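Engineer: kindly generate the corresponding structure for this input.
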Amino acid sequence: MPTITLDSFIKQNNIENKSYKKSKIFIFKVPIYHDVWMDNALENFYRILKKIDNDDFNVTLTRDNLIFEFDDFERFKNTLIQQIKHKYRNMIVMGEDKKTGATKEIKKDFILLQEGKKEGGTVKLKEEIFDWNKLPKILDELKEGKKGDKICIMCGGRYKKSYTLKQAIYPFVTKNKSLSGIRTIKSLPEYHKNLCLMCYLLGVLEWTDEGVIYYTSLKENKTFLFLPIFESLTELNKFKEETLHAGILNISGRYSNLLKKPNSNEFEETFGEYTTLLAFYEKFIFNVKISEILCNNWGVLHIPLGKVKNIKFETINVDKGILEVISKLIEDSYLIYTDMIKGIYFKKKTNKGFITNWDITTEIKENLAKSLLMDDFRTFSKQLMPRKGGFVILSSDAYEILDELIYLWRLVNMGIPKEKLDTIKSVGNIIAKISLGNSSLLYKLDKVRTIEEFWSVLREISRKMAGMEKEELREIKPTAIDELVVMVKEHEKIWKEIRDLLIIYSSMYLAIKKLRKGGD
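Structural biologist: Have a look, this model is predicted:
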């Protein structure tokens, strides 16, 4: 690690009201580059140290560093070992033995630490950190902090004894060079001997972190592990502390740790990566109420459940404006995930009537959540269109929330008053009426690429509307077409967004009419 004196460290980081004059002082710099895994690992270790309630122990986290001190090392060591033993349980869940049906301990499927032979029916992990006979010696070695001629690949510090960099310590490496998509991010080899003891300890302990979100999809046979990204360790800690204090995560879940309600025993049902993230935002905002920090950048590990761990990694950057929209909806008691996304279904007509196609429903829910978080209104609108011989239907609560979402997400930015949404809905109803026997007009509207093509479709709608019977005309508002023409001319630069709004409401009204016509 880079050399730094205690006095300059304290002055540099504005540490006050602390008496750092104990017998042993540790100063740990974060890695040379901010790294999502190691940042979370360091923050997790800080929360472990914070629980050490010794009167001769101090710990401080700054933007870039962790510093702690003690007088009595043996007392410190024994207390730390107890905290690590407690955190160890976070990686274990209770499950059913497939052969006997008996309840037994199971390591969570996505955790990359190797499991040894069970001892007395309990899980035993192979890493030396979790060998209670070896851990005291490891901490003794860490205390000595012997400098050597080797430089750690993670933190850049000098050390003597090497540990092997592997996926169990740092997930962004792989044994197989042909699966090196992750490894090339940091240009790390698949196995590297230059790893110091501290980075080894941090990396292994990160798997015990109760402050991260995970969701396992048995259909996709992988787990999504969400790691919050902040430039400051103190901000990262504040966000995770607020998450834990809200009680919306429960580490005892094998496939997910997101709860329906704070401190309950019921886990939230989500459908994939983005529905999980959206559901988390809703619960965080609803239960934390006032927060100075809300994470909008995430590193997501895609961890396969099989033996070959070809881990994939992506970053998700959620626009802060979208989070403001979600927050405003929650403030007005509109739960966008619980009452809208979960209230959307894809129906197909069969000999037994309309049934829900769960595979397509899951796909639509996931795509709606993703397009919302990514601020992609075009993709969002297309999810509600009829397809594959079926259509999308919404619950009554979902319809109401969708109106509010569209107003806050689109109309406000478009500069269109809320009451003008009635015009768009009325034209949507006209298109749905015309498309009841043949949806080609709706698909044609979706495919328009120029304003000229858009006007052409509107003229076709007007012609078809003129051919309606009197009874049919009573079910629509013919003057809405003229009102829409005026609106588009006033806002011609955003005609594509008006098109997408028409697609949403046309699809919604068409689905309602089809469902009624089918007698369901």
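
Engineer: outside of stretch 336-351, which residues touch it?
Structural biologist: With Cβ atoms under 8 Å, 6 or more residues apart in numbering as the test, stretch 336-351 has contacts from 269, 275, 278-279, 281-282, 326, 329-330, 334, 354-357, 360-361, 364-365, 368-369, 372, 388-395, 397-398, 401-402, 405, 511, 515, 518. C-beta: built from backbone N, CA, C; applies to glycine.

Engineer: cool, stretch 379-389 as well?
Structural biologist: By Cβ under 8 Å, 6+ apart, the list of residues contacting stretch 379-389 from outside reads 348-349, 357, 360, 364, 367-368, 370-372, 392, 439, 442-443, 446, 500-501, 503-504, 507-508, 510-511, 514.

Engineer: now the end-to-end length of stretch 406-413.
Structural biologist: End-to-end distance of stretch 406-413 (Cα to Cα, to the nearest Å): 10 Å.

Engineer: what's the average pLDDT for it?
Structural biologist: Mean pLDDT, stretch 406-413: 96.

Engineer: now it: buried residues?
Structural biologist: Residues of stretch 406-413 classed as buried: I406, Y407, L408, W409, R410, L411 (neighbour count, 16 or more other Cβ atoms under 10 Å).

Engineer: try stretch 69-88
Structural biologist: Under the neighbour-count criterion of 16+ other Cβ under 10 Å, stretch 69-88 has E69, F70, D72, F76, K77, T79, L80, Q83, I84, K87, Y88 buried.

Engineer: now do it: distance to the chain's middle.
Structural biologist: Relative to the centre of its chain, stretch 69-88 is centred 33 Å away, using Cα atoms, centre = their mean, to the nearest Å.

Engineer: what about the closest residue in space to S439 that isn't next to it in sequence, how many neighbours?
Structural biologist: Once flanking residues are discounted, S439 sits nearest to P386: 5.7 Å by Cβ to Cβ, 6 or more residues apart in numbering. Residues lying near P386 (other Cβ atoms under 10 Å) number 19.

Engineer: relative to I153, how far out is P386?
Structural biologist: Distance, P386 to I153, using Cβ to Cβ, to the nearest Å: 54 Å.

Engineer: please apply the same query to S395.
Structural biologist: From S395 to I153 the distance is 53 Å (Cβ to Cβ).

Engineer: over to E220?
Structural biologist: Distance, E220 to I153, by Cβ to Cβ: 32 Å.

Engineer: same drill for those two, tell me which one is more crowded.
Structural biologist: I153 (19 against 13).

Engineer: residues in contact with the nearest residue to the more buried one once chain neighbours are set aside?
Structural biologist: Computed as Cβ to Cβ, 6+ apart, the closest residue to I153 that is not its neighbour in sequence is N194, at 4.8 Å. For N194, the contact set (Cβ under 8 Å, 6+ apart) comprises K150, I151, C152, I153, S162, L165.

Engineer: so is N194 in a helix, a strand, or just coil?
Structural biologist: strand (DSSP: H, G, I helix; E, B strand; the rest coil).

Engineer: from Q114, how far off is it?
Structural biologist: Taking Cβ to Cβ as the measure, N194 and Q114 are separated by 21 Å.

Engineer: next: E292.
Structural biologist: Taking Cβ to Cβ as the measure, E292 falls 40 Å from Q114.

Engineer: give the buried residues for the host helix or strand of S381.
Structural biologist: Secondary-structure element containing S381, defined by DSSP states H and E: helix 377-382. By 16+ other Cβ under 10 Å, the buried positions in helix 377-382 come out as F377, F380, S381, K382.

Engineer: K464 against S435, yeah?
Structural biologist: No - using Cβ atoms under 8 Å, K464 is not in contact with S435; the gap is 9.4 Å.

Engineer: the two: who's more crowded?
Structural biologist: Between K464 and S435, S435 has the larger neighbour count (other Cβ under 10 Å), namely 24 against 15.

Engineer: so the more buried one makes contact with Y509?
Structural biologist: No - judged on Cβ under 8 Å, S435 makes no contact with Y509 at a distance of 9.1 Å.

Engineer: from the chain's centroid, how far away is stretch 51-70?
Structural biologist: From the chain centre to the centre of stretch 51-70 is a distance of 30 Å (Cα atoms, centre = their mean).

Engineer: do you know how far E235 is from E269?
Structural biologist: If you go by Cβ to Cβ, the gap between E235 and E269 works out to 31 Å.

Engineer: and these two? which has more neighbours close in?
Structural biologist: When E235 and E269 are compared for neighbours, E235 comes out ahead with 16 against 11, by other Cβ under 10 Å.

Engineer: okay, and that one sits in which element?
Structural biologist: Per DSSP H and E: helix 233-246 holds E235.

Engineer: so the helix or strand following that helix versus helix 233-246, what angle?
Structural biologist: Sequence order places helix 273-288 as the next helix or strand after helix 233-246, per DSSP H and E. Computed with axes from the mean of the first three to the mean of the last three Cα atoms, to 10 degrees, the direction of helix 273-288 lies at 80 degrees from that of helix 233-246.

Engineer: quick one: low-confidence ranges for the stretch 401-520 of the chain?
Structural biologist: 518-520 (pLDDT under 70).

Engineer: which residues of it fall in strands?
Structural biologist: For the stretch 401-520 of the chain, none of the segments meets the definition of strands by DSSP state E, counting those that start in this stretch.

Engineer: on that earlier part again, more neighbours: E292 and Q114, which one.
Structural biologist: With other Cβ under 10 Å as the criterion, E292 and Q114 differ in neighbour count, and Q114 comes out ahead with 12 against 8.

Engineer: could you check what's spatially nearest to the more buried one, not counting adjacent residues?
Structural biologist: Of all residues not flanking Q114 in the chain, K126 sits nearest, at 4.4 Å (Cβ to Cβ, 6+ apart).

Engineer: same question, L484
Structural biologist: Closest residue to L484 apart from its sequence neighbours, by Cβ to Cβ, 6+ apart: V427 at 5.0 Å.

Engineer: ok, that neighbour to D376 distance?
Structural biologist: According to Cβ to Cβ, V427 stands 23 Å off from D376.

Engineer: with K118 instead?
Structural biologist: K118 sits 47 Å away from D376, going by Cβ to Cβ.

Engineer: circling back to that earlier point, neighbour-wise, which of V427 and D376 wins?
Structural biologist: Set V427 next to D376 and count neighbours by other Cβ under 10 Å: V427 wins out with 26 against 13.

Engineer: was I right about that one contacting P478?
Structural biologist: No - contact between V427 and P478 fails when scored by Cβ under 8 Å: they sit 10.1 Å apart.

Engineer: for the closest residue to S426 other than its chain neighbours, give me its contacts.
Structural biologist: Nearest residue to S426 in three dimensions, chain neighbours excluded: A480, at 3.5 Å (Cβ to Cβ, 6+ apart). Neighbouring residues of A480 by Cβ under 8 Å, 6+ apart: T423, S426, V427, I430.

Engineer: can we see that at 6 Å?
Structural biologist: T423, S426, V427 (Cβ atoms under 6 Å, 6 or more residues apart in numbering).

Engineer: do K107 as well
Structural biologist: With Cβ under 6 Å, 6+ apart, K107 has these contacts: E115, V123.

Engineer: hmm, try it at 7 Å
Structural biologist: M91, I92, E115, V123, L125 (Cβ atoms under 7 Å, 6 or more residues apart in numbering).

Engineer: adding secondary structure and distance to D140, write those out as TSV.
Structural biologist: Formatted as TSV, these follow (DSSP: H, G, I helix; E, B strand; the rest coil; distance: Cβ to Cβ, whole Å):
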residue	secondary structure	distance to D140
M91	helix	25
I92	strand	27
E115	strand	26
V123	coil	26
L125	strand	21
